[in-house]
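Novice: need coordinates for the following:
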Amino acid sequence: MSLPPASTPTAAPSSTGSKSHPAMLLNGLPTDRSEVWFVEFAKVSQRPSQRNHWEEDLELLVRATNGILDQVLVESAGITNAAFSINRGREGAAILQGDFSAFPEVLGKAAEVGGAALHTHRGLELFVVTDHSDLYLAVPDSGTLLLAQGDGALPRRLFEEMVDRGQDGGELDESLARLLAHTGPIDFLVAQFSETGNSILGLPGSMYVAGAGRMNEGDTSTLHFHWEFDSLAQAPEAESLMTGQHLNGYNSGEDHPVTDVRRDGTTVTAQAAVPDIDVVGLLLGN
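Specialist: Residues are numbered from 1 along each chain as shown. Below is the predicted model of the structure:
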């Protein structure tokens with residue numbers, strides 16, 4: 001898998017095949033977000049320690065559509081990759097990859113009987129299901145499902161931006177591009193921006209912080225951590241702080257040494273090898 005140079009903007013894709021790369025999938029997300037997630041679902045969900053976490057996310061999709069997309073239909077899609085942009089609470093957007101060829105007919109029938117509302121944007125049918133909030137869904141091609149959820153005007157705005165980026169192209173966030181250039185191929189990623197106030201291994205002054213990883217043989221994963229700071233003065237302090245640190249694995253009860261701490265301008269990177277059972281806690285908080 002080849003990675004784009006960190007300095008080269010990446011255009012938003014218009015076809016499913018070109019979106020198999022994490023950078024291309026992430027680039028299709030709306031830019032109004034406080035967190036971004038990516039997961040190679042088909043691979044990660046095979047690990048016993050990760051399966052329950054992601055199966056719960058699929059159940060949320062069934063409930064959010066009031067069962068229009070039932071458990072059998074969602075599982076039959078064979079989701080391979082997923083990218084999420086999160087604002088707060090129930091608000092955000094997602095792009096899923098799999099086989100969604102059966103979804104438009106099911107959603108269309110729901111719209112006919114009043115279970116969903118039908119709108120269009122730039123020639124694409126948008127289905128809206130209302131539960132506690134509005135959920136927008138569309139299938140721009142058989143391999144892609146777009147989703148946005150929230151209250152008021154926000155979900156439609158997020159949704160239309162995804163459609164526009166898919167059709168018009170755009171540039172991948174520079175911080176995400178630098179992270180992917182550093183990590184190489186990844187199976188999962190969680191990136192948080194300064195407005196959340198809850199960064200991964202948060203360091204004072206960090207404007208952007210992310211954790212990404214690859215699964216190894218033997219139920220372990222290599223985690224890459226990436227911090228970007230507002231000024232050159234803060235990065236050396238963070239580098240010194242992280243050198244020699246250990247991560248506490250809540251589920252395993254073990255400490256995992258932080259290794260390969262590096263500084264490049266306002267960016268500090270590090271990595272750690274951890275058992276799979278500690279991955280979600282270290283990325284999302286125990």
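
Novice: which stretches of the stretch 101-250 of the chain form helices?
Specialist: For the stretch 101-250 of the chain, applying DSSP state H, counting those that start in this stretch gives helices covering 103-112, 154-168, 174-183, 234-242.

Novice: mean neighbour count and distance to residue 29 added to these, as JSON lines?
Specialist: Any C-beta I mention is one placed from the backbone N, CA and C, and that applies to glycine too. Shown next, in JSON lines, are the helices of the stretch 101-250 of the chain (neighbours: other Cβ atoms under 10 Å; distance: least, Cβ to Cβ, whole Å):
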{"stretch": "helix 103-112", "mean neighbour count": "16", "distance to residue 29": "20"}
{"stretch": "helix 154-168", "mean neighbour count": "19", "distance to residue 29": "7"}
{"stretch": "helix 174-183", "mean neighbour count": "21", "distance to residue 29": "10"}
{"stretch": "helix 234-242", "mean neighbour count": "17", "distance to residue 29": "27"}
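
Novice: show residues contacting the helix or strand harbouring residue 270.
Specialist: Residue 270 belongs to strand 267-275 when assigned by DSSP states H and E. By Cβ atoms under 8 Å, 6 or more residues apart in numbering, the surrounding residues in contact with strand 267-275 are 49, 178, 182, 203, 216, 219-229, 235, 238-239, 242, 247, 249, 252, 254, 256-262, 282.

Novice: surely residue 206 meets residue 192?
Specialist: No: using Cβ atoms under 8 Å, residue 206 is not in contact with residue 192; the gap is 9.1 Å.

Novice: contacts only, for the closest residue in space to residue 161 that isn't next to it in sequence.
Specialist: Once flanking residues are discounted, residue 161 sits nearest to residue 30: 4.2 Å by Cβ to Cβ, 6 or more residues apart in numbering. With contacts defined as Cβ under 8 Å, 6+ apart, residue 30 is in contact with 85, 93, 148, 157-158, 161-162, 165.

Novice: can you rerun that using 7 Å?
Specialist: 85, 93, 158, 161-162 (Cβ atoms under 7 Å, 6 or more residues apart in numbering).

Novice: cool, and residue 128?
Specialist: Residues in contact with residue 128, defined by Cβ under 7 Å, 6+ apart, are 116-117, 119, 134-136.

Novice: could you identify the buried members of the residues you listed?
Specialist: 116, 134-136 (16 or more other Cβ atoms under 10 Å).

Novice: any chance of the residues you listed in CSV, with pLDDT and distance to residue 127 too?
Specialist: Formatted as CSV, these follow (pLDDT from 0 to 100; distance: Cβ to Cβ, whole Å):
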residue, pLDDT, distance to residue 127
116, 96, 5
134, 94, 11
135, 95, 9
136, 97, 7
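
Novice: and those as JSON lines, adding distance to residue 170?
Specialist: Converted to JSON lines, these look like this (distance: Cβ to Cβ, whole Å):
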{"residue": "116", "distance to residue 170": "28"}
{"residue": "134", "distance to residue 170": "24"}
{"residue": "135", "distance to residue 170": "24"}
{"residue": "136", "distance to residue 170": "19"}
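
Novice: from those residues, pick the one nearest residue 62.
Specialist: residue 135 (11.4 Å; Cβ to Cβ).

Novice: which non-adjacent residue is nearest residue 61?
Specialist: Per Cβ to Cβ, 6+ apart, closest to residue 61 is residue 74, 5.8 Å.

Novice: using the three-state scheme, assign that neighbour.
Specialist: Following DSSP: H, G, I helix; E, B strand; the rest coil, residue 74 is assigned to helix.

Novice: which of the contacts of strand 267-275 count as buried?
Specialist: The neighbour-count test (16+ other Cβ under 10 Å) marks 49, 178, 182, 203, 220-229, 235, 238-239, 242, 247, 249, 256, 258, 261, 282 as buried among the contacts of strand 267-275.

Novice: before we move on, back to that, who's in contact with the residue nearest to residue 61?
Specialist: By Cβ under 7 Å, 6+ apart, residue 74 lies in contact with 58, 61-62.

Novice: and if you look at residue 79?
Specialist: Residue 79 neighbours (Cβ under 7 Å, 6+ apart): 41, 96-98.

Novice: now do the SS call for it.
Specialist: coil.

Novice: what about it, distance to residue 95?
Specialist: 11 Å (Cβ to Cβ, to the nearest Å).

Novice: over to residue 62?
Specialist: Relative to residue 95, residue 62 is positioned 18 Å away (Cβ to Cβ).
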